[in-house]
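Student: need a structure here:
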Amino acid sequence: MCEFRLVVLENGEEKVIDSNIAYLDLERMEAVKLGGERISLKGYQLKAIDFLNHKILTIRVK
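Tutor: Purely as a prediction, here's the structure:
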């Protein structure tokens, strides 16, 4: 299994929100870490999943 970093794009820069993300639960709009901890993605929009660099890219919704 690949671990991903959860990244937000702000002002053209990537800022890491969290790491060790195992998968996304899109029904609940949450990222789930390897240990089962859930991180809410409410207020964010999924922009892309970069499989080569193991990043989940998001932007803030205004």
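Student: starting at the chain centroid, how far to the longest strand seen in the chain?
Tutor: What stands out as the longest strand in the chain, according to DSSP state E, is strand 13-25. Chain-centre distance of strand 13-25: 4 Å, with C-alpha atoms, centre = their mean, to the nearest Å.
Student: So what are the sheet partners of that strand and their directions?
Tutor: Using DSSP bridges, strand 13-25 pairs in its sheet with strand 4-10 (antiparallel), strand 30-33 (antiparallel).
Student: hmm, who's touching that strand?
Tutor: Strand 13-25 is contacted from outside by 1, 3-9, 30-35, 38-39, 41, 46, 55-58, using C-beta atoms under 8 Å, 6 or more residues apart in numbering. The C-beta positions use only the backbone N, C-alpha and C, and glycine is treated the same way.
Student: List the buried residues in it.
Tutor: Within strand 13-25, the residues that count as buried by 16 or more other C-beta atoms under 10 Å are Ile21, Leu24.
Student: any idea how far the closest residue to Phe4 other than its chain neighbours lies from Gly36?
Tutor: Distance criterion C-beta to C-beta, 6 or more residues apart in numbering; nearest residue to Phe4, sequence neighbours excluded, is Ile21 at 4.3 Å. Ile21 sits 12 Å away from Gly36 when distances are taken as C-beta to C-beta, to the nearest Å.
Student: same check, this time on Glu27
Tutor: Glu27 is 16 Å from Gly36, by C-beta to C-beta.
Student: In this protein, where is pLDDT below threshold?
Tutor: The model of the chain has pLDDT under 70 over residues 1.
Student: Among the contacts of strand 13-25, name the buried ones.
Tutor: Buried among the contacts of strand 13-25 (16+ other C-beta under 10 Å): 4-8, 30-33, 41, 55-58.
Student: Export these to TSV and append columns for distance to Lys15.
Tutor: What follows is the buried ones among the contacts of strand 13-25, written out as TSV (distance: C-beta to C-beta, whole Å):
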residue	distance to Lys15
Phe4	15
Arg5	10
Leu6	10
Val7	7
Val8	5
Glu30	19
Ala31	15
Val32	20
Lys33	18
Leu41	15
Lys55	11
Ile56	13
Leu57	11
Thr58	10
